[in-house]
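**Student:** Got a sequence here, can you model it:
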Amino acid sequence: IHYHSSFFCFFFTNIYINLSKPVENQLFFISSLIHIFYLKMAIDPITHISFDKYIIIQLPNELYKIYNTSTEVIGLGKYGSFYSKDIVGYPYGTVFDIEYEENDTEDQNKKQKGKKEENPGVAIPRKDNTAQSLEITDDILSNNFNSESNRLLIDQGSSIQKLSNEDIELLKEQNTRADKLISNIISNNGNFQLKTKQSQQKYLIRKFRKFSKCFKVERCTPQNLLKFLMDKNDLLRINDISLESIALQLNLSNIQSNGNYLVMDETGGFLIYSILERMYGGKEDDETKNGTITIITETEHPQLDLLKYSNYSDEFLKKTIKYISVMELLKPQTEEFVRAEFLRINEDLNIDELLALEERSPLQQRKVNWFERQMSLIKISNTVDYYDALVLQTDFELKELVDRISKYVKPGSPIVVFCKFREPLLDLSNEYLMKNLNFLNVKILQTSCRPYQTKRGKIHPLMTMKSNGGWLLSCIKVIYQDINSVEKE
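**Tutor:** Reported below is the predicted structural model:
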């Protein structure tokens, strides 16, 4: 109830405003608000589209976009726009069609200063067998003939199409449905029936991607976020890591729900989000899971801008994730030094007196927060043999880094390092790990995955693929003890 207090204020305020309207309108308005409130309370954000959450939208041209459902109107460019409330409550993976009133052309299309302003349409979910696919059905092909070969085709250019560009634009301005528009284009194409069935299907797919007004909503998982970054050609932001490499790194690190992990992330928060999904699966209120992540940062403030797409609350992230810089970890301060520094900065103000106060001013609270932050950093830097794994994605000098921070990992726990290039990992392995008896099972791995396109009755590899997903080094930390010394004891 406390979480939805703002909604209750909105609810009763709007009821008061609508008291002057007819009784039928009042009842409809109240029932609509109750329905929205029921959705807000009953929706599972893991499986269904929820309010104020980031979502991934897959367009007909197989591109991915990120939007927040708190936005009133979501615009998809040439594919149309719709109200975000129309998709809330439906399960992830649902395909929606954007529909407009076909006769309302004056209000739907207004050209001002060369820019086309369009009123939002209505997002209607598909109820047929194509609900989980953006591909067009074969209903259009069933009404047309096809040829056994393409030998009768004659390339006549655009003259073979009876519909002109002006006619097609007129149909689009009349908000004609995509299937009707494609049917008109096919019926006015003189060469369509001379194509083979496979050529007709490829022709339909091209027209579908161009004229269709539909989209598919997916949950903003690390996998879908990686697809979005690939479409933006922004893989340098996450160190050119592939989906297979991040999955293998999590597997080698043995990420579990109740573990405590020491992480160095230079992917903008993508690695942290992947670890959180492996630990919690998007559920914040599961009392059986209480793991933590400690992030080693280059500076005092971490760069985790991609973590905002995780849809985790700020309170949960503050409780689960802790930050410490490299200098604060390798050269920790003492409690006596922190207390002396506090007295010097705050003009001989005793911190114990501030901590004893039940009510503090905002200035006093900031001073207490600074002191508690410094004490937590001292505690983190002294937790030797505490963490269940060391997960690294960094450009630091690996030999010195692993040598200085491996002491914080429990014996028998994995150390996994990702790098875009093989040479730094070879240097770490040959010059340090293989010569140190405290590390076992040292191995360097590379991931490579060949994606295939699957159609009904056929399978074929894609024409393009990612050339390199990076390199991984993994090993197990142990405690070496000389057998001879044990026998003597």
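**Student:** element containing Ile296, please.
**Tutor:** With secondary structure defined by DSSP states H and E, Ile296 is part of strand 292-297.
**Student:** any low-confidence regions in this protein?
**Tutor:** Along the chain, the model assigns pLDDT under 70 to residues 1-42, 101-118, 128-159, 174-176, 190, 348, 482-489.
**Student:** ok, the most centrally placed residue in it to Ser310 distance?
**Tutor:** In the chain, the residue lying closest to the centroid (Cα atoms, centre = their mean) is Leu225, at 3.4 Å. Leu225 sits 9 Å away from Ser310, going by Cβ to Cβ, to the nearest Å. C-beta coordinates here come from the backbone N, C-alpha and C atoms, glycine included.
**Student:** what residues do the two have in common as contacts?
**Tutor:** Tyr273 (Cβ atoms under 8 Å, 6 or more residues apart in numbering).
**Student:** so what's Val217 up against?
**Tutor:** The neighbours of Val217, taking Cβ under 8 Å, 6+ apart as the test, are Ile49, Ile55, Ile56, Ile57, Gln58, Ile87, Tyr90, Tyr92, Gly93, Thr94, Phe96.
**Student:** Give me the distance from stretch 465-475 to the chain's centre.
**Tutor:** 21 Å (Cα atoms, centre = their mean, to the nearest Å).
**Student:** What residues sit buried inside that stretch?
**Tutor:** Neighbour-count burial for stretch 465-475 flags Lys466, Gly469, Gly470, Trp471, Leu472, Leu473, Ser474, Cys475 (criterion: 16 or more other Cβ atoms under 10 Å).
**Student:** so when I look at the fifth one, I'm seeing a strand, right?
**Tutor:** Yes. Secondary structure assignment (DSSP: H, G, I helix; E, B strand; the rest coil) places Leu472 inside a strand.
**Student:** Enumerate the beta-bridge partners assigned to it.
**Tutor:** In this entry, Leu472 is beta-bridged to Phe418, Leu445, by DSSP bridges.
**Student:** how much space is there between the residue nearest to the centre of the chain and Lys477?
**Tutor:** Distance from Leu225 to Lys477, by Cβ to Cβ: 31 Å.
**Student:** As CSV, could you dump the C-alpha coordinates of the helix or strand hosting Met279?
**Tutor:** For Met279, the host element (DSSP H and E) is helix 270-280. Only the C-alpha atoms of helix 270-280 are listed here, as CSV (Å, rounded to 0.1, in the frame of the first residue of the first chain):
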residue,chain,number,x,y,z
PHE,A,270,26.8,-5.3,-18.6
LEU,A,271,28.9,-7.8,-16.7
ILE,A,272,27.3,-6.8,-13.4
TYR,A,273,23.8,-7.1,-14.9
SER,A,274,24.6,-10.6,-16.2
ILE,A,275,25.8,-11.7,-12.7
LEU,A,276,22.7,-10.3,-11.1
GLU,A,277,20.5,-12.2,-13.5
ARG,A,278,22.3,-15.4,-12.7
MET,A,279,22.1,-14.8,-9.0
TYR,A,280,18.5,-13.4,-8.6
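**Student:** That helix - contacts with which helices or strands?
**Tutor:** For helix 270-280, the elements it packs on are helix 222-231, helix 243-252, strand 260-265, strand 292-297, strand 389-393, judged by 3 or more Cβ pairs under 8 Å, 6 or more residues apart in numbering; DSSP states H and E.
**Student:** Give me the contact list for the second one.
**Tutor:** By Cβ under 8 Å, 6+ apart, the surrounding residues in contact with helix 243-252 are 222-223, 226, 270-271, 274-275, 278, 391, 414, 416, 418, 445, 447-449, 469-470, 472, 474.
**Student:** What residues of it count as buried?
**Tutor:** Neighbour-count burial for helix 243-252 [16+ other Cβ under 10 Å]: Leu243, Ser245, Ile246, Ala247, Leu248, Gln249, Leu250, Leu252.
**Student:** check contacts around Pro222.
**Tutor:** Shown in contact with Pro222 (Cβ under 8 Å, 6+ apart): Ile246, Phe270, Tyr273, Ser274, Glu277.
**Student:** mind checking how far the first one is from Arg237?
**Tutor:** The reference is to Ile246. 14 Å.
**Student:** Could you do Gln303 as well?
**Tutor:** Counting by Cβ to Cβ - Gln303 and Arg237 are separated by 10 Å.
**Student:** any common contacting residues for those two?
**Tutor:** Contacts common to Gln303 and Arg237, judged by Cβ under 8 Å, 6+ apart, are Gly268.
**Student:** Need the phi and psi values for Ser448.
**Tutor:** Here is the backbone geometry of Ser448 (degrees, to the nearest 10): phi -150, psi 130.
**Student:** Spatially nearest residue to it, not counting backbone neighbours?
**Tutor:** Gly469 (7.0 Å; Cβ to Cβ, 6 or more residues apart in numbering).
**Student:** Go ahead and confirm the one you found touches Thr447.
**Tutor:** Yes. Using Cβ atoms under 8 Å, Gly469 makes contact with Thr447 at a distance of 4.6 Å.
**Student:** Please, where are all the helices along the stretch 51-200 of the chain?
**Tutor:** Along the stretch 51-200 of the chain, counting by DSSP state H, counting those that start in this stretch, helices occupy 105-108, 139-142, 165-173, 178-187, 197-211.
**Student:** can I get the ones you listed in JSON lines with distance to Ile295 and mean neighbour count?
**Tutor:** Output for the helices of the stretch 51-200 of the chain, formatted as JSON lines (distance: least, Cβ to Cβ, whole Å; neighbours: other Cβ atoms under 10 Å):
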{"stretch": "helix 105-108", "distance to Ile295": "49", "mean neighbour count": "13"}
{"stretch": "helix 139-142", "distance to Ile295": "53", "mean neighbour count": "13"}
{"stretch": "helix 165-173", "distance to Ile295": "50", "mean neighbour count": "13"}
{"stretch": "helix 178-187", "distance to Ile295": "47", "mean neighbour count": "18"}
{"stretch": "helix 197-211", "distance to Ile295": "41", "mean neighbour count": "17"}
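**Student:** Save those helices as JSON lines, and put in distance to Leu377 too.
**Tutor:** Shown next, in JSON lines, are the helices of the stretch 51-200 of the chain (distance: least, Cβ to Cβ, whole Å):
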{"stretch": "helix 105-108", "distance to Leu377": "58"}
{"stretch": "helix 139-142", "distance to Leu377": "65"}
{"stretch": "helix 165-173", "distance to Leu377": "60"}
{"stretch": "helix 178-187", "distance to Leu377": "58"}
{"stretch": "helix 197-211", "distance to Leu377": "53"}
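**Student:** Nearest to Glu347, out of the ones you listed?
**Tutor:** helix 105-108 (67.2 Å; Cβ to Cβ).
**Student:** show me the contacts for the closest residue to Asp286 other than its chain neighbours.
**Tutor:** Excluding its sequence neighbours, the residue lying closest to Asp286 (Cβ to Cβ, 6+ apart) is Tyr280, at 6.7 Å. Listed by Cβ under 8 Å, 6+ apart, the contact set of Tyr280 reads Ser257, Asp286, Lys289, Gly291, Thr320.
**Student:** ChimeraX command for the buried members of those?
**Tutor:** For the buried members of those, the matching ChimeraX selection, counting by 16+ other Cβ under 10 Å, is:
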select :289,291,320
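**Student:** In strands, which of the contacts of Tyr280 appear?
**Tutor:** Assigned to strands by DSSP state E, none of the contacts of Tyr280 qualify.
**Student:** Just the ones of the contacts of Tyr280 in helices?
**Tutor:** Thr320 (DSSP state H).
**Student:** Dump the contacts of Tyr280 to JSON lines, plus distance to Lys172.
**Tutor:** What follows is those, written out as JSON lines (distance: Cβ to Cβ, whole Å):
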{"residue": "Ser257", "distance to Lys172": "51"}
{"residue": "Asp286", "distance to Lys172": "49"}
{"residue": "Lys289", "distance to Lys172": "50"}
{"residue": "Gly291", "distance to Lys172": "52"}
{"residue": "Thr320", "distance to Lys172": "49"}
